[in-house]
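Enquirer: Got a predicted structure here, sequence first:
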Amino acid sequence: MQNTEAFHGAKLALLVGERLVSILRDKDPEIPYPDMWDLPGGGREGNESPEACVLRELKEELSLTLTEADLRWKRQYTSDLDGKSATWFFVAEVPELDINRIRLGTEGQAWRMWDVARFLRMSNVVPMMQTRLSDYLAEREVA
């Protein structure tokens, strides 16, 4: 599916029960939020859809393959980088994850699974990821 609607990129909260997969960003001072915990995802390439973008990034960053059907929730946000462009936030909840399949790609220093509650309290997390994950969790509780 191709999507020509303008957007900057996409991120994914990959939940395994009450645990969350996260990536420690590189220490490079030239990138936004260096040396902070982040969620898989990144910038759009070509005319890919938001779904294709986030699934490609997940594969590149952690060697994990999901399908669009695995994406349980999505919401469009305004980018924190320029305050204008659109970004997408997705959530996938998987009952099990073989962590032996995870292989860190060329970006990031490490990956880790966190308890969701702890991730939401940490001070060294990209702030909008906590806000966006909280948005999802609030809607999930209501449903």
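Expert: Received it, and whenever you're ready, just let me know what you need.
Enquirer: Can you list the residue ranges for helices in this protein?
Expert: 50-62, 116-121, 127-142 (DSSP state H).
Enquirer: isn't E51 right next to D70, touching?
Expert: No. Using CB atoms under 8 Å, E51 makes no contact with D70, being 10.0 Å away. Heads up, the C-betas are built off the backbone N, CA and C, glycines and all.
Enquirer: Sort out which residues of stretch 99-110 are buried, please.
Expert: 107-108 (16 or more other CB atoms under 10 Å).
Enquirer: How far off centre is that stretch?
Expert: Chain-centre distance of stretch 99-110: 14 Å, with CA atoms, centre = their mean, to the nearest Å.
Enquirer: That one: end-to-end distance?
Expert: Terminal residues of stretch 99-110 lie 13 Å apart, using CA to CA, to the nearest Å.
Enquirer: Need the residues that contact that stretch.
Expert: Stretch 99-110 is contacted from outside by 21, 23-27, 35, 38, 42, 60-64, 111, 113, using CB atoms under 8 Å, 6 or more residues apart in numbering.
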